[in-house]
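Visitor: Following is a predicted model, sequence given first.
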Amino acid sequence: MDRVGKGGAASTGAADPGGRRWLKSYPEGVPAEIGRLPYASVAELILASCRKHAGRTAFTSFGRRLTYAELDRLSAGLAAYLQGLGLASGARVAIMLPNVLQYPVTLLAVLRAGYVVVNVNPLYTSRELERQLNDCGAEAIVILENFVATLQPVLERVPVRHVIVAAMGDLLGLKGHLVNLVVRHVRKMVPEWSLPGHVPFRRALASGLRRRLVPASPGPDDIAFLQYTGGTTGTAKGAILLHRNILANVMQNRAWADVAYADNPRPEPQIFICALPLYHVYALTVNALAGIEEGANNILIPNPRDLAAFVAELRRHKFHVFVGINTLFRALLDHEGFRKLDFSHLRLTLAGGMSVQRPVAERWKELTGVAISEGYGLSEASPVVAANIFGAEVVECIGLPLPSTEVAIRDEAGRDLPPGEPGEIVIRGPQVMQGYWKQPEETARAFTPDGYLRSGDIGIMDERGFVRIVDRKKDMILVSGFNVYPNEIEEVVCGHPGVLEAAAIGIPDPVTGEAVKLFVVRRDPDLTEAEILAYCRERLTNYKRPRQIEFRTELPKSNVGKILRRELKQQA
């Protein structure tokens, strides 16, 4: 993997830029390389924006606005408090918060104090939390009170010695029943818990604001995040993301997005809708950090599954940028209140995390007037690797590699494949992680001998450099020697007007080795198995057709809405 020295240019190392065929498809104005990074650390980027846009609103939650000046001041106080705990430089601090105002304050505090952010899914079980805290060696954790009951039973078995407990009202300026109303949007109730020695978030802030913050100076090669990934495929691993990895991806995304405003300048300030969780690297980079870099206002949605509350919040804002995934778009499109919103200010709709299905993309464009621009990434790449050209009517395609990014399609032997041939997508660029935390063997397996990150995804690149995902390598179904990709089957089945959601997996078959089993959530309660089979017969060749169909009321999903085929396989 190519490295970028401190202050160095973020180059892919390609000797012949002209050999990267995607460059000829770049929109006018998009550079092949992002050049030198303008900041030494993520904290420096955020603080520069805080000072440039001090009077603007940075984040909004339940009507409470956090300005860039407040983000600077409050994060300085919390950072000083953390330093007062005696944590050494580079110590890991876990953040177990949903999309609430305490999250950006804590994020910046940890980084400017010289520590490493470890994002934790607030919906983890105690077992999952225990494993991650032990693996990363976090000495401190900032956690919402709603989730302390998860930490409590494992606290004596993890290295955490300092617990800062945030309450929903800490930064909201709310009291009494209003706080309870807010909490309901994050979780139905706050479980009973008792945690001796914990410090309330407000007290930590007040204490820190009386202290002097010792400026920390993390550099490009210091660790910024341990971003845990792989939870849907096996044991979660901590991807080591350096400051320069994250900075490079922010700059790559900025270079790509700039052309969307070439003929129609950005609104000042922009309003982003942040419905995906900030503890996930996609929203972290594309919403929080990209938004901060632009001086935008991110509207924090702590629980997008509460569609009524979500739509009510959307109604209050003239939003310009909407970041989501297929399942979220579909759910909103099915909500009557959402269909009545004013979309006249919407400029960009960004999608990642999973493939956007054609019926969803078409409905979104028809309703909002803005095409969904699908991209591709993974936690190990900070996360964005490729993106579609904004405004282009492209579906079922993840677009072109971003500036300073190399993508190749390779076979099992590691050989580059010609255009149109499916193979594993491998990636090299300044946004790619340094490896997995304390897992040298997993790190070695993750990279090719020439330094490309193995994505585990099967894709095709055409002559113009556009990449299409065929499927996850692990999810491929082998039927009588033929490769069958679940995404294709699901795409076809979800085109049926009576189908709400679908997922396909491979199951053992004594004749063909594997056969396709389909799980379906009905939109039309009267939909029958025979109707689906007839629909598939018209659209899929024989070996791709499902041999079993099971109707479900819902499908298992990850915290960001990805359908978990692994769980369906375990249940089949």
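Guide: Arrived safely, thanks for sending.

Visitor: quick one: pLDDT of M168?
Guide: Here the pLDDT value assigned to M168 is 80.

Visitor: can you check S61 too?
Guide: pLDDT, S61: 93.

Visitor: how about the residue nearest to it when sequence neighbours are not counted, what does it touch?
Guide: Excluding the flanking residues, the one nearest S61 by CB to CB, 6 or more residues apart in numbering is L300, at 4.4 Å. (Glycine included, C-beta is placed from N, CA and C.) L300 sits next to F59, T60, S61, N99, V100, L101, Y103, C274, L278 when contact means CB atoms under 8 Å, 6 or more residues apart in numbering.

Visitor: can we see that at 10 Å?
Guide: By CB atoms under 10 Å, 6 or more residues apart in numbering, the contact set of L300 is 59-62, 64, 66, 98-101, 103-104, 272-275, 278, 283, 287-288, 313.

Visitor: Show me which residues of stretch 97-115 are buried.
Guide: Of the residues in stretch 97-115, those buried under the neighbour-count criterion (16 or more other CB atoms under 10 Å) are 97-115.

Visitor: Now that stretch - C-alpha only, CSV.
Guide: C-alpha atoms of stretch 97-115 as CSV (Å, rounded to 0.1, in the frame of the first residue of the first chain):
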residue,chain,number,x,y,z
LEU,A,97,-23.6,7.6,21.6
PRO,A,98,-26.4,7.8,18.9
ASN,A,99,-26.9,10.9,16.8
VAL,A,100,-27.2,13.5,19.6
LEU,A,101,-25.3,16.8,20.2
GLN,A,102,-22.9,15.2,22.6
TYR,A,103,-21.4,13.1,19.8
PRO,A,104,-19.7,15.8,17.8
VAL,A,105,-18.5,17.5,21.0
THR,A,106,-17.0,14.2,22.3
LEU,A,107,-15.5,13.4,18.9
LEU,A,108,-13.6,16.7,18.7
ALA,A,109,-12.7,16.5,22.3
VAL,A,110,-11.0,13.1,22.0
LEU,A,111,-9.1,14.1,18.9
ARG,A,112,-7.9,17.5,20.1
ALA,A,113,-6.8,15.9,23.4
GLY,A,114,-4.5,13.6,21.4
TYR,A,115,-6.4,10.4,21.9
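
Visitor: quick one on the thing from earlier: what about the residue nearest to S61, distance to S217?
Guide: Counting by CB to CB, to the nearest Å, the separation of L300 from S217 is 30 Å.

Visitor: With L328 instead?
Guide: With distances taken as CB to CB, L328 is found 39 Å from S217.

Visitor: where do the strands sit along the stretch 151-300 of the chain?
Guide: Secondary structure of the stretch 151-300 of the chain by DSSP state E, counting those that start in this stretch: the strands cover 162-166, 199-200, 223-229, 237-242, 271-274, 297-300.

Visitor: Sheet-wise, list the partners of the last one with their directions.
Guide: Strand 297-300 has the following sheet partners, assigned by DSSP bridges: strand 57-61 (parallel), strand 271-274 (parallel).

Visitor: What about the contacts of L300, which are in helices?
Guide: In helices, judged by DSSP state H, the following of the contacts of L300 are found: Y103, P104, A283, E313.

Visitor: for the nearest residue to L367 once chain neighbours are set aside, what are its contacts?
Guide: If the residues on either side of it in the chain are set aside, L367 comes closest to R339, at 6.2 Å by CB to CB, 6+ apart. Taking CB under 10 Å, 6+ apart, we find R339 in contact with V311, L332, L333, R363, L367, T368.

Visitor: Contact partners for S558?
Guide: N121, L123, G231, T232, H280, T327, G353, M354, L564, R566, E567.

Visitor: what's the angle from the helix or strand harbouring A79 to strand 162-166?
Guide: Taking DSSP states H and E as the criterion, A79 maps to helix 68-84. For helix 68-84 against strand 162-166, the angle by axes from the mean of the first three to the mean of the last three CA atoms, to 10 degrees is 150 degrees.

Visitor: Going by contacts, tell me the helices and strands next to helix 68-84.
Guide: helix 42-52, strand 57-61, helix 102-112, strand 140-144, strand 162-166, helix 201-209 (3 or more CB pairs under 10 Å, 6 or more residues apart in numbering; DSSP states H and E).

Visitor: Strands along the stretch 351-500 of the chain, start to end?
Guide: 372-377, 384-387, 400-401, 406-410, 423-428, 453-461, 467-472, 477-479, 482-484, 499-509.

Visitor: Outline the domain layout of the protein.
Guide: 17-40+225-472, 68-218, 476-571 (automatic domain parsing).

Visitor: which residues of the protein score low on pLDDT?
Guide: Applying pLDDT under 70 to the chain flags the ranges 1-18, 172-190, 230-235, 393-395.

Visitor: contacting residues around the residue of it positioned farthest from its centre?
Guide: The C-alpha centroid of the chain is most remote from V511, which lies 40.2 Å away (CA atoms, centre = their mean). By CB under 10 Å, 6+ apart, the contact list for V511 reads V479, S480.

Visitor: Report the secondary structure element holding it.
Guide: V511 belongs to no helix or strand, assigned by DSSP H and E.

Visitor: any idea how far it is from S480?
Guide: V511 is 8 Å from S480, by CB to CB.

Visitor: what's the answer for N264, then?
Guide: From N264 to S480 the distance is 53 Å (CB to CB).

Visitor: and what of D457?
Guide: From D457 to S480 the distance is 24 Å (CB to CB).

Visitor: Give the residue from the two that has the larger number of neighbours.
Guide: Set D457 next to S480 and count neighbours by other CB atoms under 10 Å: D457 wins out with 22 against 13.

Visitor: burial count for N388?
Guide: For N388, the neighbour count with other CB under 10 Å is 25.

Visitor: Run through the residues that contact the residue nearest to it when sequence neighbours are not counted.
Guide: The spatial neighbour of N388 that comes closest, neighbours along the chain excluded (CB to CB, 6+ apart), is G399 at 3.5 Å. By CB under 10 Å, 6+ apart, the contact list for G399 reads 22, 25, 256, 373-376, 385-390, 392, 465-468.

Visitor: again, only this time at 7 Å
Guide: Applying CB atoms under 7 Å, 6 or more residues apart in numbering to G399 gives the contacts E374, G375, A386, A387, N388, I389, F466, V467.

Visitor: ok, so of the residues you listed, who is nearest L555?
Guide: E374 (20.8 Å; CB to CB).

Visitor: Check the contact between that closest one and V356; I expect there is one.
Guide: Yes - the pair E374 / V356 is scored as a contact, 5.0 Å apart, by CB atoms under 7 Å.
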